[in-house]
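Enquirer: From the sequence below, what's the structure:
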Amino acid sequence: MPAYTRKTIDQPVQGSSSEVYWQTAHVSRQQRAQKHQHRSCVIWFTGLSGSGKSTLAHALELRLHQMQCSTFVLDGDNVRHGLCADLAFSADERTENIRRIGEVSKLFLEAGVITLTAFISPYEEDRKAARALFDSADFIEIYCQCALEECEKRDVKGLYKKARQGLIKEFTGISAPYEVPQTPEMVCNTQTNSVESCIDQILLLLRKRGVFLDMKTL
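Expert: This next block holds a predicted model:
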């Protein structure tokens, strides 16, 4: 058995106790990229409830998986079952929810994973804060554009109906605001375009940004 080697201690974490230090991994992000044959990145889907964020994220993950990519979807509902189970839906709690997702996404980035997040993330300031955690090449914001009326028609979970009845407070689009992204990397109109069409557009963008290290076929 090899002798125990103490990890290298680099620098203290800003804003934390001086006793907390960031530990540098022995396997680099670049080494993981070579293994996976793609760069890691964060694809941040944002839009109203019912706009198709989760549908696109999971369908895109399937396509990427078929291309032998290493992926993971962070879905809003799933995350609130565990990591963010203590948060409700006030403005401050939404901000904290997105802060946590940004930090988790950053860890997945270092792990070499293409991370797809599906969160309403209604506030521009919060999305900018998430973006600020990454280099510009690593963060791709995709606005799922869909009219409120269409989202209400879809309403698979019956949430809009409850919000209209006053049973759900601070519901985005009804009793809480949604701030449309000003400069997303892509706008996917999920009202007029098919899921497959949107995925083809996103894959083309990923190729242009050099995410894939070889020419995997679709």
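
Enquirer: Now do the same for the residue most central in space within the chain: helix, strand or coil?
Expert: Nearest residue to the geometric centre of the chain (Cα atoms, centre = their mean): residue 117, 2.2 Å. The assignment at residue 117 comes out as strand when based on DSSP: H, G, I helix; E, B strand; the rest coil.

Enquirer: Relative to residue 72, how far out is it?
Expert: Using Cβ to Cβ, to the nearest Å, residue 117 is found at 10 Å from residue 72. All C-beta atoms are positioned from the backbone trio N, CA, C, and that covers glycine.

Enquirer: One more: residue 154?
Expert: Relative to residue 72, residue 154 is positioned 25 Å away (Cβ to Cβ).

Enquirer: The protein: helices as residue ranges?
Expert: 29-36, 53-66, 76-79, 91-110, 124-131, 148-154, 159-164, 195-208 (DSSP state H).

Enquirer: how about JSON lines for those, with mean pLDDT and distance to residue 187 added?
Expert: As requested, these are exported to JSON lines (pLDDT from 0 to 100; distance: least, Cβ to Cβ, whole Å):
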{"stretch": "helix 29-36", "mean pLDDT": "89", "distance to residue 187": "28"}
{"stretch": "helix 53-66", "mean pLDDT": "97", "distance to residue 187": "12"}
{"stretch": "helix 76-79", "mean pLDDT": "76", "distance to residue 187": "20"}
{"stretch": "helix 91-110", "mean pLDDT": "93", "distance to residue 187": "20"}
{"stretch": "helix 124-131", "mean pLDDT": "96", "distance to residue 187": "14"}
{"stretch": "helix 148-154", "mean pLDDT": "95", "distance to residue 187": "15"}
{"stretch": "helix 159-164", "mean pLDDT": "94", "distance to residue 187": "22"}
{"stretch": "helix 195-208", "mean pLDDT": "97", "distance to residue 187": "10"}
